[in-house]
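S.K.: Attaching a predicted model along with its sequence, questions to come.
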Amino acid sequence: MPKCRRVVGFLMLGAVLSSGAVPAGTPAVASSGGAVVTGLDSDHPSVRGRGHDDPRDKRRRSVRERERQQQNLLRDMTLALTPAQKGETDSRALPYNWQKTDTIANPSSDQSNLSDTTNRPVASSGPAGTAAGAAMLEYLRDLAARKQFTGSVLVVRRGQVLARFAAGEADAERHIPNRPDTVYRVMSITKQFTSMLVLKLRDRGLLKLDDPICPYLVPEYIKTCPAAWRPITIRQTVTHTSGIPNIEKLPGYLADVTRPTTPRRLIRQFVNLPLLFTPGTGWSYTNSGYVLAGAIIQAVTGQPYGTVLRKLIIEPLNLRHTGYSNGLPPAGYAKGYVTLGLPAPVLNGSELFSATGLFTTVDDIARWDRAFGSYKVAPPATVKQAFTPQAKCPPGGCLNLPSSAYAFGWLVDRLQGHRLRYHPGLFMGYTAMNMYLPDDDIQVVVLSNVQDTDTAGIARHLATLALDL
């Protein structure tokens with residue numbers, strides 16, 4: 001029975017989470033309850049106000065911290081080769097040289113120190129003379145000049161940066177500019193990470209994809225399971241085939257997005273709603289399924305979602321500016337705007353949870369994509385499954401985007417005949433796009449803190465230019 005597996009799973013994962021050595025240079029983590037924040041230590045809310053230290057001690061710690069960060073910047077970002085790749089030259093295991101562009105474009109690691117005179121596009125491209133990179137930067141500069149792009153962009157092909165660009169303001173009130181390393185909420189790109197956690201826990205024997213969800217949810221999250229939910233499986237929660245209505249479309253949810261909540265309260269909002277269709281017979285995008293997946297992740301591990309995310313994905317891949325917080329991202333993150341000049345509500349992370357709660361940078365998302373190519377994120381069979389179609393898209397495509405099927409947190413498509421796996425993010429002040437062409441080792445990441453930005457169109461155009469090399 002699943003409940004027995006849950007007890008065994010807790011013991012197994014406890015050993016996994018507690019016994020692994022943390023890699024050198026892994027960022028410090030502040031956690032309280034379900035809150036997990038990664039990134040620059042000085043940005044951790046929990047670091048502030050811990051006592052009345054001598055100012056000189058603070059300065060010395062600050063110097064040591066900057067030295068540590070500088071060492072981290074110089075670390076090789078190479079992803080480890082698998083045994084099957086040894087002896088080969090595989091570009092998916094090569095680093096891309098983002099450190100150099102960081103040094104030029106980002107002389108300060110504290111965004112609050114930048115003046116409004118730096119509020120102009122920051123751009124860099126790959127090897128001198130790369131026609132595609134030059135075309136990308138010209139295209140992005142033109143969009144920025146016409147106020148059609150605010151955010152950060154990174155395009156990488158076979159380990160080389162073709163374009164790294166930022167424009168507009170992360171905080172219009174304080175005139176803090178976006179930079180290539182600005183932290184954004186990426187909304188539904190979170191689903192790629194939550195799906196991979198489910199697959200990794202499956203690999204550890206803590207759950208099965210076709211297990212019914214009810215035994216994992218009762219009684220921790222719901223008192224009794226609705227009869228309509230009993231056939232729903234874990235697989236269906238992360239492939240949008242459960243038939244459960246989308247919590248994001250409920251008026252009560254939208255009214256509460258700025259307030260703290262819990263997974264139990266989130267689930268309570270949709271547990272008694274009628275299903276849209278019999279589980280497994282249709283496809284309808286729903287954040288509710290991913291809320292349930294996050295609850296199941298917590299149930300089988302006995303750990304908060306953010307802690308499991310950090311231990312199984314963020315730390316092993318050294319995603320130094322990625323995380324999940326029950327509150328806000330680290331200080332200096334890009335504030336959200338519905339349109340230019342119109343601030344969006346300040347979202348509480350606990351309302352977003354495992355469906356849309358991730359914050360990150362373009363660099364970390366590109367590194368995440370490349371971890372699939374090197375199989376560092378998971379073994380080859382699991383990576384293959386993550387990209388394998390699980391449900392056919394409606395006639396107009398999943399999410400009305402060009403796509404034939406939905407995999408585990410990825411839309412399935414082809415671009416000029418090349419395999420394309422991607423996912424958008426869009427909600428309350430943010431829009432994002434992560435495009436990955438696995439056979440070509442191309443990563444295109446477009447993150448914006450202005451909701452009406454066409455990140456999907458921008459990313460597709462950049463991916464097309466990258467294919468033309």
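M.R.: All right, it came through fine.
S.K.: pLDDT at the residue nearest in space to the middle of the chain, what is it?
M.R.: Residue closest to the average C-alpha location in the chain (CA atoms, centre = their mean): Thr190, at 4.3 Å. At Thr190, the pLDDT value in this model is 98.
S.K.: Can you classify it as helix, strand or coil?
M.R.: Under DSSP: H, G, I helix; E, B strand; the rest coil, Thr190 falls in the helix class.
S.K.: pretty sure it is touching Phe427, no?
M.R.: No: using CB atoms under 8 Å, Thr190 is not in contact with Phe427, being 10.4 Å away. Heads up, the C-betas are built off the backbone N, CA and C, glycines and all.
S.K.: Pull up the overlap in contacts between these two.
M.R.: 352, 356 (CB atoms under 8 Å, 6 or more residues apart in numbering).
S.K.: Just the mean pLDDT for the helix or strand that contains Glu351, thanks.
M.R.: Secondary structure assigned from DSSP states H and E places Glu351 in helix 349-356. Averaged across helix 349-356, pLDDT comes to 98.
S.K.: now do stretch 424-431
M.R.: pLDDT averaged over stretch 424-431 gives 98.
S.K.: residues in contact with it?
M.R.: Outside stretch 424-431, the residues touching it (CB under 8 Å, 6+ apart) are 184-190, 248, 257, 334-338, 343-345, 347, 352, 356, 399, 401, 411, 432-434, 447-453, 455-456.
S.K.: Can you flag the buried ones in these?
M.R.: Buried by 16 or more other CB atoms under 10 Å: 184-190, 248, 257, 334-337, 344, 347, 352, 356, 399, 401, 411, 432-434, 447-451, 453, 455-456, out of the contacts of stretch 424-431.
S.K.: Just the ones in helices from those, please.
M.R.: 190, 352, 356, 455-456 (DSSP state H).
S.K.: With distance to Val161 added, can I get those residues in TSV?
M.R.: What follows is these, written out as TSV (distance: CB to CB, whole Å):
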residue	distance to Val161
Thr190	25
Leu352	30
Thr356	28
Thr455	19
Ala456	22
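S.K.: which of the residues you listed lies closest to Asp364?
M.R.: Set against Asp364, the nearest of these by CB to CB is Thr190 (12.8 Å).
S.K.: which residue packs closest to that closest one, ignoring adjacent ones?
M.R.: Spatial nearest neighbour of Thr190, excluding adjacent residues (CB to CB, 6 or more residues apart in numbering): Leu358 at 3.9 Å.
S.K.: rewinding a little: among the contacts of stretch 424-431, which are in strands?
M.R.: 184-185, 337-338, 343, 411, 432-434, 447-448 (DSSP state E).
S.K.: Out of those residues, give me the two with the largest separation.
M.R.: Most distant of the ones in strands among the contacts of stretch 424-431, by CB to CB, are Pro343 and Leu411, 29.8 Å apart.
S.K.: coming back round to it: report the two of the ones in helices among the buried ones among the contacts of stretch 424-431 separated the most.
M.R.: Most distant of those, by CB to CB, are Leu352 and Ala456, 20.4 Å apart.
S.K.: picking up where we left off before, so what's the residue nearest to Thr190 up against?
M.R.: Per CB under 8 Å, 6+ apart, neighbours of Leu358: 185-187, 189-190, 193, 322-324.
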